[in-house]
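In: Need the 3D shape of this:
(one chain, ligands or ions: 1)
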Amino acid sequence: MDTIVSTATSLQGEITVPGDKSISHRAVMIGAISDGVTEITGFLGAADPLSTLSCINSLGIDHTIDREKLLIYGKGLYGLQKSATVLDAGNSGTTIRLLSGILAGQKFSTTISGDQYLMKRPMKRIIDPLTKMGARISATENLTAPLTIDGKYPLTAIDYELPIASAQVKSAILLAGLYADGITRVIEKETSRDHTERMLGLHSEHLNGRNIITVTGGKKISAHHFAVPGDPSSAAFFIVAGLIVPNSHIVIHDVGLNSTRTGFLSVLRQMNASIHIENERTIGGEVIGDVVVRSSELISNITLEGNIIPNIIDEIPILSVSAVFSSGTFTVRNAGDLRNKETDRIAALCSNLRTMGLDVNEYEDGFAFESKNKLVAGTFDSFDDHRIAMAFGIAALVLNGESKILNAECVSISFPSFWETILSLQ
Ligand code: S3P
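Out: A predicted model of the protein is given here:
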């Protein structure tokens, strides 16, 4: 399905965005290996977390939906059963990588696969540490899915310094650490999202510029109530929309504001954005608040590189769009892992930015461009990547004329009601 988006003269209104994708995945997985019934409110019922739910169902864990609550009938750390079928992680990197950590500690073997895009994404990053812990994992020649994970119990506890900044790799090792014969430590030089350690109540310390997260094997998990906040990565699209569409005023309620996720707000504020947080509070260990946005004259001249990259990794597409409608230059470096996302996001961004008339320099680890006045509406390829579709859907609101977003239905991965939400603000 392609979607046509026309120029908007103003966006006004109060909205909520769907639940946090990272937290939804983790709530289901942690619920499955907890003792008792885990209650999840605000669960993101989008394709990616639903892949996680269907995988844990195949591993013998039931769920029910009771009004707004998702209930996961956990069977404890040792209660998963061998799946009769190959697990299907769909498009979801978080499903395959985090679940691999749990599967590494099982006494049975599991094969997990996914769609054509997931099968191209690198898995060496989890195969290496999980193999060190004692699991046997076979993959394709290119170290991509399908993965067959021959679990081992107990696994060997390890100290592991992450060679790349990745919350998915960190989380896979921490989940495997629950099945290890001692204390597993994950050391990260750059801070990545910390939901796993918060939700498991793990010890985390900041020492000599590194985060060290510790998990003790055999630590039983009792069932929790997880209240999933609105996804800041989804809110980011409407925050930028409110800034770049003239005469706009948008309030987004109940957005997750965990500091490992809100680097994009600091970047936008540096660009002179009018963004205010109201009603800030902490629910279930996560800070949430209402984000109030007004149209702003954005000024970029900004280089995003170094330690901030893991914090803004999912927001780089929409931050790029904010820079298109600012004055100045915009450079992203040290972000080579963007090439390993749902699509090669560096190539996808450069291609779509050029379609609107920008001169873009592409680097192996980023890209750079200078904003300019004469831009054109056009046909933007989503490359079947939800965040590319949404970023250019927002850009199309400011370009003069009608734009077309190809295969726009891929927003169902994280934000199924995205196109309706745009209309509701017009
Ligand atoms: C995620 C971590 C990030 C992010 C992804 C979700 C998570 O991936 O891009 O959308 O839930 O842990 P990496 O760990 O590969 O950076």
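In: which of the residues in stretch 183-193 are buried?
Out: Across stretch 183-193, burial judged by 16 or more other C-beta atoms under 10 Å covers 184, 185, 186, 188, 190, 191, 192, 193. Every residue, glycine included, has its C-beta placed from N, CA and C.
In: Stretch 320-340 now?
Out: 320-327, 330-335, 337-338, 340.
In: so how far is that stretch off the chain centroid?
Out: Chain-centre distance of stretch 320-340: 18 Å, with C-alpha atoms, centre = their mean, to the nearest Å.
In: Within reach of the ligand, which of the buried residues of stretch 183-193 are there?
Out: residue 193 (C-beta under 6 Å from any ligand atom).
In: From the buried residues of stretch 183-193, which land in strands?
Out: 184, 185, 186, 188 (DSSP state E).
In: The ligand: which of those is nearest?
Out: residue 188 (10.7 Å; C-beta to the nearest ligand atom).
In: Report the beta-bridge partner residues of that closest one.
Out: residue 211 (DSSP bridges).
In: That one touches residue 206, doesn't it?
Out: No. With contacts counted by C-beta atoms under 8 Å, residue 188 stays clear of residue 206, the gap being 10.1 Å.
In: Would you map the helices across the stretch 251-400 of the chain?
Out: Here the stretch 251-400 of the chain has its helices, by DSSP state H, counting those that start in this stretch, at 263-270, 309-312, 316-324, 345-355, 386-396.
In: Tell me which residues of the shortest one come out buried.
Out: The neighbour-count criterion (16+ other C-beta under 10 Å) identifies 309, 310, 311, 312 as the buried residues of helix 309-312.
In: could I get those residues as JSON lines with pLDDT and distance to residue 407?
Out: Listed next are those as JSON lines, based on pLDDT from 0 to 100; distance: C-beta to C-beta, whole Å:
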{"residue": "309", "pLDDT": "98", "distance to residue 407": "27"}
{"residue": "310", "pLDDT": "98", "distance to residue 407": "28"}
{"residue": "311", "pLDDT": "98", "distance to residue 407": "29"}
{"residue": "312", "pLDDT": "98", "distance to residue 407": "25"}
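In: tally of neighbours for residue 416?
Out: Counted with other C-beta atoms under 10 Å, residues neighbouring residue 416 total 17.
In: nearest residue to it other than its sequence neighbours?
Out: Nearest non-adjacent residue to residue 416, counting by C-beta to C-beta, 6 or more residues apart in numbering: residue 46, 5.4 Å away.
In: Can you report phi and psi for that neighbour?
Out: Per-residue torsions, residue 46: phi -110, psi 170 (degrees, to the nearest 10).
In: right, and it touches residue 417 too?
Out: No. Under the contact definition of C-beta under 8 Å, residue 46 does not touch residue 417, with a separation of 9.4 Å.
In: which residues are in contact with both of these two?
Out: residue 18 (C-beta atoms under 8 Å, 6 or more residues apart in numbering).
In: Neighbour count for the two, which is higher?
Out: Applying other C-beta under 10 Å to residue 46 and residue 417 shows that residue 46 carries more neighbours, namely 24 against 15.
In: quick one: contacts for the more buried one?
Out: 18, 21, 412, 413, 414, 415, 416 are the contacts of residue 46 under C-beta under 8 Å, 6+ apart.
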